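In: sequence and predicted structure below; questions after.
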Amino acid sequence: MKKKSIILTVFLLISFLTVFSSPASADQKPKAVLPQGVFNFESVWEGDMVTHDYIVKNQGDAPLEIIKVDTD
């Protein structure tokens, strides 16, 4: 009987720690904000290289990771 109560106590302790450990981190998410979402280049000659820098701000609570960028 004592062994069952120890197992039950350990199970309840693990369950409690899993449910209630760091609840604030579950709500934290990154939020990418682009003040200028679209940029249209003027006419250029074929073969000319054009560049534009986009400013990306993280207004969330967690680190923002930009893994992939697609262009048109």
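Out: Structure received. Given the structure is predicted, the values throughout are model-derived calculations rather than measurements.
In: what sits against residue 33?
Out: Contacts for residue 33 were tallied using Cβ atoms under 8 Å, 6 or more residues apart in numbering; they are 56, 57, 58, 59. Yep, even glycine has a C-beta here, placed from its N, CA and C like the rest.
In: separation between the residue nearest to the second one when sequence neighbours are not counted and residue 59?
Out: To tie it back to what came earlier, the one meant is residue 57. Spatially, and ignoring its direct neighbours in sequence, residue 57 is nearest to residue 33 (4.7 Å; Cβ to Cβ, 6 or more residues apart in numbering). The gap separating residue 33 from residue 59 is 5 Å, by Cβ to Cβ, to the nearest Å.
In: give the residue spans of this protein that score low on pLDDT.
Out: Applying pLDDT under 70 to the chain flags residues 1, 4-5, 8, 10-13, 15-26, 72.
In: just give me the residue closest to the centre of it.
Out: By Cα atoms, centre = their mean, the chain has its centre lying nearest to residue 30, at 4.3 Å.
In: so it is in which element?
Out: Under the criterion DSSP states H and E, no helix or strand holds residue 30.
In: for it, what are its contacts?
Out: Residue 30 neighbours (Cβ under 8 Å, 6+ apart): 58, 60, 61, 62, 63, 64, 65.
In: among these, which lie within strands?
Out: If you go by DSSP state E, the contacts of residue 30 have residue 58 in strands.
In: can I get the contacts of residue 30 in a markdown table with distance to residue 71?
Out: As requested, the contacts of residue 30 are arranged in a markdown table below (distance: Cβ to Cβ, whole Å):
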| residue | distance to residue 71 |
| --- | --- |
| 58 | 21 |
| 60 | 24 |
| 61 | 29 |
| 62 | 26 |
| 63 | 24 |
| 64 | 19 |
| 65 | 19 |
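In: can you name the residues bridging to residue 32?
Out: residue 58 (DSSP bridges).
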